[in-house]
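**Q** Generate coordinates for the sequence data below:
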Amino acid sequence: MTLALVGTGQMGQAVAALAPDRGHTIAARFNTDRPLTDAAPAALAGVDAVIDFSLPDVALAHLKRYARWQVPAVMGTTGWYDARATVHDWFTAHDGTLLYAANFSLGIAVLRRALAGALPLLNALPDYDAFVHETHHNQKVDSPSGTAEMLAEDVLAALDRKTHATPEAQHERIDPAALHVSSTRVGTTFGEHTVGFDGAHDRLELSHRAKGRTGFAFGALRCAEWVQGRTGVFTLDDVLDDWLAPTD
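**A** Just a heads-up that it's a prediction; the model follows:
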């Protein structure tokens, strides 16, 4: 495939480094020195997909262009999810293609599937109290991570006894209905996420630990391959569902 890369930070560099190993070419790069918002549609002519790991404040402007220019987009930038309905309308109106995820790690995707299998039983076991904890490097600008928020949404949707998440430090007794989502920022940690259930006699934990950024880049490239020939708005769950679909 011929790819465009929007955002040439650490994740963009990881995608660029791995792409040739999968037979792909990076034909165009955009960043703060060469903004996509200053480009014409011809800048993405001949591109099979664009992979975007840019910044939240330009995400919607980029998405509008991908839809109008009918360039299949794999979006790793977050911070725009409150506008998902609007974005969906853009891509529907232009028969565009978008696949987005807060985390392109295939390991995280598998963890979420395992969590989905365990949560119905845990909903029937109220003695287990749930929590989410994440650890990232000390240069990360947001807290909690988008992945931690996504995992928290999964837990809240399944546990009747948890009604809301709280990411703040607790200086008094926590509301029993609150799901505590905590964060640690330290060193060069790539990303660790744990969903735990603490009971009177034991603790169950489902955890994922990234070894580097290559795993996220690999997932994004697999998604760019998967969207070829497809039209619509997708998430990583759609990719997994397709891979798990029975074959004749």
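**Q** can you pull the buried residues of the lowest-mean-pLDDT helix or strand in the chain?
**A** Every helix and strand of the chain was ranked by mean pLDDT, DSSP states H and E. The lowest is helix 236-244, at a mean of 92. For helix 236-244, burial by neighbour count (16 or more other C-beta atoms under 10 Å) applies to Leu236, Asp238, Val239. (Glycine included, C-beta is placed from N, CA and C.)
**Q** ok, now stretch 152-167?
**A** So stretch 152-167, judged by 16+ other C-beta under 10 Å, has buried residues Ala152, Asp154, Val155, Leu156, Ala158, Leu159, Lys162, Ala165, Pro167.
**Q** can you pull the contacts of His88?
**A** The contact partners of His88, by C-beta atoms under 8 Å, 6 or more residues apart in numbering, come to Val233.
**Q** so it sits in a strand?
**A** No - counting by DSSP: H, G, I helix; E, B strand; the rest coil, His88 is located in no strand; its state is helix.
**Q** what about it, distance to Arg65?
**A** His88 sits at a distance of 16 Å from Arg65 (criterion: C-beta to C-beta, to the nearest Å).
**Q** cool, Ala83 as well?
**A** 15 Å.
**Q** These two: which has the busier surroundings?
**A** Arg65 (21 against 14; other C-beta atoms under 10 Å).
**Q** centre of the chain versus the biggest helix by length in the chain, how much separation?
**A** Using DSSP state H to define each element, the chain has its longest helix at helix 106-123. Its chain's C-alpha centre lies 16 Å from the corresponding centre of helix 106-123 when counted by C-alpha atoms, centre = their mean, to the nearest Å.
**Q** I'd like the distance between Trp226 and Ala83.
**A** 24 Å.
**Q** Then Trp69?
**A** Taken as C-beta to C-beta, the span from Trp69 to Ala83 is 19 Å.
**Q** same check, this time on Ala101
**A** From Ala101 to Ala83 the distance is 16 Å (C-beta to C-beta).
**Q** In CSV, could you pull the C-alpha coordinates for the least confident helix or strand of the chain?
**A** Backbone C-alpha positions of helix 236-244 (Å, rounded to 0.1, in the frame of the first residue of the first chain) are rendered in CSV as follows:
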residue,chain,number,x,y,z
LEU,A,236,-10.9,-2.1,16.2
ASP,A,237,-13.8,-4.2,17.4
ASP,A,238,-15.0,-4.6,13.8
VAL,A,239,-11.6,-5.9,12.7
LEU,A,240,-11.6,-8.5,15.5
ASP,A,241,-15.2,-9.5,14.7
ASP,A,242,-14.2,-10.0,11.1
TRP,A,243,-11.1,-12.1,12.0
LEU,A,244,-13.2,-14.2,14.4
